[in-house]
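Enquirer: turn this into a model:
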Amino acid sequence: MNETFGVIGGDRRQAELAKLLEGEGRTVYTYGIEGSRGRDGSLDQAAAADVVILPLPLCKGDGVLNCEETPLPTLDLFRLLGHSRLVLAGQVKPQQRREAEICGLQLEDYFLREELTVANAAATAESAVQVAMERTDRSLLGAECLVIGFGRIGKLLCDRLRGLGVRVTATARKPADQAWIRAYGWQALETGKLDGRLGTFDVVFNTVPSMILDRSLLEQLPARCLCVDLASVQGIDRKAAENLALPYVWARSLPGRLVPRTAAAVIRDAVGHILEERGDPA
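Expert: The predicted structure follows:
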């Protein structure tokens, strides 16, 4: 319990994470967290902690920490973390992994842990439903919804939508995933073959981090179809959607914005599991 924690950068979920750790009796230092300017200390103080927890995602832009303060290159930050026994971050890119190695840091990506990604996907799916309900002028009951991609978020989103009485259609690239979609009782489409199949949807959710709905496909959607892009890299052509007057939301990092306390608890638990597996009594 004498171990110190530094929580550096990120959104409201990192602020809630610091509160949760403090509630357990931890000594916590924070820096550069969204909405926490009043309680933040110095970067040097947070960087000197025994365990440093960096945000999810780690970077905002190319090689820059996801942080509210002055833009901070991750390499500069890693050079400050030499005294930290363990550094944890979410969605670590190869460049940052190489930088950590250069600085001799043990950098572990907590977003690779299945218990975290599943819980995060569940929070994202629930939040995506909230986004859709806030931005449509009709009930989702009986609505025609398309979910592009059948990964963790896609599966859970389809399940949440069905519970609301939505007519669910989901897409997948693999025939096996398409078979699972049909087995659940939903309509199945192949992700790469949507041309001519988009004329009936009230809401489209994209979970695929590559361009799927370009202008030629967006033109086939009904006039007031809501487009909700959940991917970290846009899979719906935002400019084309706006030019076509289609309602569009790029809903990234939903857990951190809409359910930060839940998202923080998920990270807290993953960090605890990592420390336990390392034989750390904390």
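Enquirer: how about E16, nearest residue that isn't a chain neighbour?
Expert: The shortest distance from E16 to any non-neighbouring residue, by CB to CB, 6 or more residues apart in numbering, is to A264 (3.6 Å). For glycine as for every other residue, the C-beta is placed from the backbone atoms N, C-alpha and C.
Enquirer: secondary structure element for the one you found?
Expert: Per DSSP states H and E, A264 falls inside helix 260-277.
Enquirer: list the buried residues in that helix.
Expert: For helix 260-277, a neighbour-count test (16 or more other CB atoms under 10 Å) marks 260, 262-271, 274-275 as buried.
Enquirer: now do stretch 192-202
Expert: Neighbour-count burial for stretch 192-202 [16+ other CB under 10 Å]: 194, 197-198, 201-202.
Enquirer: longest helix in this protein, please.
Expert: Of all the segments of type helix in the chain, defined by DSSP state H, the longest one is helix 114-134.
Enquirer: next, the buried residues of it.
Expert: 116-117, 119-129, 131-132.
Enquirer: same thing with stretch 98-116?
Expert: Within stretch 98-116, judged by 16+ other CB under 10 Å, the buried ones are 99-100, 103, 105, 107-111, 113, 116.
Enquirer: how far does it stretch from one end to the other?
Expert: End-to-end distance of stretch 98-116 (CA to CA, to the nearest Å): 24 Å.
Enquirer: what's the answer for stretch 13-32, then?
Expert: End residues of stretch 13-32 are separated by 13 Å (CA to CA).
Enquirer: just stretch 208-221 next, same as before
Expert: End-to-end distance of stretch 208-221 (CA to CA): 18 Å.
Enquirer: quick one, strands of the chain?
Expert: 4-8, 27-31, 51-53, 86-89, 107-109, 144-148, 167-172, 187-190, 203-206, 226-229, 248-250 (DSSP state E).
Enquirer: most packed of those?
Expert: For those, the largest average neighbour count (mean count of other CB atoms under 10 Å) is found in strand 203-206, namely a mean of 28.
Enquirer: I am finished for the moment; much appreciated.
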